[in-house]
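Undergrad: Attaching a predicted model along with its sequence, questions to come.
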Amino acid sequence: MPVSARAFIERALEHLPVLRRVGRRLTGSAAEADDLVQETLARALEQRGALRETERLKAWLLAVQRTVYLNSRRGLRPHLEVLEGGLGRALPPEPSADLEAELHARTLSAEMKAALDSLAPEWRDTLWLREVEELSYEEIAQVQGCPVGTVRSRLARARLAMLDFLEKEKVHGSL
Amino acid sequence: MEACSPQWQERLSAWFDGEVQAHEQQAVAHHLSRCAGCAREAARYASLRQALRAEGAAEPRVPPELAERVTRLAPRPRPFFPRRRLAAGLAAVLASVGVLWTSWPSGMNEALAMDLERHHLKAFSRVDPCEFESSDPAEVKAWVEREVGYPVDVPVVPGATLLGARRCRLHGKLSASLLYRHEEGKAMTLFLPLPGSAAAQEAARFAGDGPRCTQGPVGERICVLPSGGERAALAVSELEPAVLLAALARLSP
């Protein structure tokens, strides 16, 4: 018997930050990520009976999010939802008290962003899910719908490519 | 400078993640003690992890508005009654006025029931639930006809305020939905699928000869009013079925 809708949403709320982070990486925009997260949780709520291992909720939600996103990209659903005004708008970033630290963070972010963007999308997503979201190989395989061996090889290649990119940037930057 | 060989790269990466078997772990640990290239590579992995986690931590916090939108997806808790007794009582009351009530699973097409509940809950999880806002039935009617492509009846429902309309997809087909709020603040959506569309056919088949209500898989109440042939209107809300049927009855036959 599936958990009640309210209990399910309460548990899913714990995973809102990870869904939003991954959603932002998928869509490239805060407003679209918020719509994606809402659509994902609406779909997950309907299908919660299919979740067999409740301790794997995070990976399962990410898998649902990936499917919802891919379906929207494939045109099965022309738009996630068009939100004009209201809740879908992105919030401006909070100002930092330490300007120097902020500038450093921005530089780091731009460099890391370029390095991440240089990777094949599957490698990039695998690396992000492992390093930032701290998913196990099995959970990543569930999210990406691929064998664990593929996750293992994607991670090794992504790390190598990312480190090589950063190394080259560092050399060029110092010239 | 000694480089880590490609055959060790994948093993080392998995070892770094703690994703290797015990025997492989020993082999990697042994290899690391002898291979400066691999030891250096493992250190680079650690720096990369640190940088990526810093990147993740720098992401903006979840806005409270998003949490609210998600929270509104779940129906509000209802007063507690023994479920079976409540369902039986409700069924008896509705049967006395010629309405068939069934608990979920009720025989209603599951995809249709889910679409109905999802559209209703998602719309009302927003500050502005409507795509087109107006309490004037004539204006709403004109908007629906222009944007959805077929004429609909927009009823005035006693005790409820017409908020406006939204487009939605039922069984993949563009459909009209009208949004209302009752005096006690409770939300209600009337779905008016195109006559003859798969959703209208499905709803008419579920209802049979007369009005029929059910509880959807998420917990909202869904009432269907067939109007002959392959035509049907549907109402979704947490309100009592009698209220939903009263709203549907305001539609022109």
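TA: Arrived safely, thanks for sending. None of these values were measured; they are calculated from a predicted model.
Undergrad: so how many other residues sit close to the residue lying closest to residue A:118 once chain neighbours are set aside?
TA: Leaving aside its sequence neighbours, residue A:118 sits nearest to residue A:165 (Cβ to Cβ, 6 or more residues apart in numbering or on different chains; 4.9 Å). The way it works is simple: take the backbone N, C-alpha and C, and place the C-beta from them, glycine included. Applying other Cβ atoms under 10 Å in any protein chain shown, we find 18 residues neighbouring residue A:165.
Undergrad: Could you measure from residue A:165 over to chain B?
TA: From residue A:165 across to chain B, the span is 11 Å (Cβ to the nearest Cβ, to the nearest Å).
Undergrad: quick check: mean pLDDT across stretch A:137-146?
TA: If you average the pLDDT over stretch A:137-146, you get 92.
Undergrad: Just give me how far that stretch sits from the chain centre.
TA: 13 Å (Cα atoms, centre = their mean, to the nearest Å).
Undergrad: buried residues in it?
TA: A:137, A:139, A:140, A:141, A:142, A:143, A:144 (16 or more other Cβ atoms under 10 Å in any protein chain shown).
Undergrad: Can I get the residues you listed in TSV including distance to residue B:72?
TA: Listed next are the buried residues of stretch A:137-146 as TSV, based on distance: Cβ to Cβ, whole Å:
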residue	distance to residue B:72
A:137	35
A:139	28
A:140	31
A:141	33
A:142	28
A:143	26
A:144	30
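Undergrad: Which of those sits closest to chain B?
TA: residue A:137 (4.9 Å; Cβ to the nearest Cβ).
Undergrad: In contact with that closest one, which residues?
TA: A:130, A:148, A:151, A:152, A:155, B:14, B:17, B:19 (Cβ atoms under 8 Å, 6 or more residues apart in numbering or on different chains).
Undergrad: Checking residue A:26 next. Helix, strand or coil?
TA: Three-state call for residue A:26 (DSSP: H, G, I helix; E, B strand; the rest coil): helix.
Undergrad: wait, doesn't it sit right on residue A:33?
TA: Yes - at 7.4 Å, residue A:26 counts as touching residue A:33 under the criterion of Cβ atoms under 8 Å.
Undergrad: Just want to know which of these two has more residues nearby.
TA: residue A:33 (25 against 20).
Undergrad: What parts of the stretch 151-253 of chain B come near chain A?
TA: Contact residues, the stretch 151-253 of chain B versus chain A (Cβ under 8 Å from any Cβ of the partner chain): B:169, B:217, B:218, B:219.
Undergrad: as a whole number, average confidence for the helix or strand hosting the first one?
TA: Element membership for residue B:169 (DSSP states H and E) is strand B:160-170. Strand B:160-170 shows an average pLDDT of 92 in the prediction.
Undergrad: can I get the CA coordinates of that strand in CSV?
TA: The C-alpha coordinates for strand B:160-170 follow below in CSV (Å, rounded to 0.1, in the frame of the first residue of the first chain):
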residue,chain,number,x,y,z
ALA,B,160,-18.4,29.9,-5.9
THR,B,161,-16.4,32.5,-7.7
LEU,B,162,-15.2,31.9,-11.3
LEU,B,163,-11.5,32.6,-11.3
GLY,B,164,-10.8,32.0,-15.0
ALA,B,165,-9.6,29.2,-17.3
ARG,B,166,-6.6,27.1,-18.2
ARG,B,167,-5.7,24.9,-21.1
CYS,B,168,-4.7,21.3,-20.2
ARG,B,169,-4.1,18.0,-21.9
LEU,B,170,-6.3,15.0,-21.2
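Undergrad: Return the set of buried residues in the host helix or strand of residue B:244.
TA: Under the criterion of DSSP H and E, residue B:244 resides in helix B:241-249. Neighbour counts over helix B:241-249 (16+ other Cβ under 10 Å) mark B:241, B:243, B:244, B:245, B:246, B:247, B:248 as buried.
Undergrad: Could you list which residues are in contact with residue A:163?
TA: Residue A:163 touches B:44, B:45, B:48, counting by Cβ under 8 Å, 6+ apart.
Undergrad: number of nearby residues for the first one?
TA: So the one you mean is residue B:44. What residue B:44 shows, counting by other Cβ under 10 Å, is a neighbour count of 16.
Undergrad: pLDDT score for it?
TA: 89.
Undergrad: Backbone dihedrals for it, please?
TA: phi -70, psi -40 (degrees, to the nearest 10).
Undergrad: Quick check: it vs residue A:152, distance?
TA: Computed as Cβ to Cβ, to the nearest Å, the residue B:44 to residue A:152 distance reads 18 Å.
Undergrad: ok, now residue B:51?
TA: Following Cβ to Cβ, the distance that separates residue B:51 from residue A:152 is 22 Å.
Undergrad: tell me the phi and psi of the closest residue to chain A within the stretch 151-253 of chain B?
TA: Nearest to chain A, among the residues of the stretch 151-253 of chain B, is residue B:218, at 5.2 Å (Cβ to the nearest Cβ). Dihedral pair for residue B:218: phi -90, psi -20, per degrees, to the nearest 10.
Undergrad: same deal with residue B:189?
TA: The phi/psi pair for residue B:189 (degrees, to the nearest 10) is phi -120, psi 130.
Undergrad: quick one: contacts for the closest residue to it other than its chain neighbours?
TA: In space, and not counting its chain neighbours, residue B:189 is closest to residue B:120: 4.3 Å by Cβ to Cβ, 6+ apart. When contacts are counted by Cβ under 8 Å, 6+ apart, residue B:120 touches B:177, B:187, B:189, B:220, B:236, B:237.
Undergrad: What is the most widely separated pair among these?
TA: The span of the contacts of residue B:120, defined through Cβ to Cβ, is set by B:177 and B:220 at 13.6 Å.
Undergrad: Can you give me the neighbour number for residue B:236?
TA: Neighbours of residue B:236 using other Cβ under 10 Å come to 26.
Undergrad: Could you tell me whether it really is in a strand?
TA: Yes - according to three-state DSSP, residue B:236 belongs to a strand.
Undergrad: What pLDDT is listed against the residue lying closest to it once chain neighbours are set aside?
TA: Nearest non-adjacent residue to residue B:236, counting by Cβ to Cβ, 6+ apart: residue B:120, 4.3 Å away. pLDDT for residue B:120: 88.
Undergrad: mind listing what's buried in stretch A:60-71?
TA: A:60, A:61, A:62, A:63, A:64, A:65, A:66, A:67, A:68, A:69.
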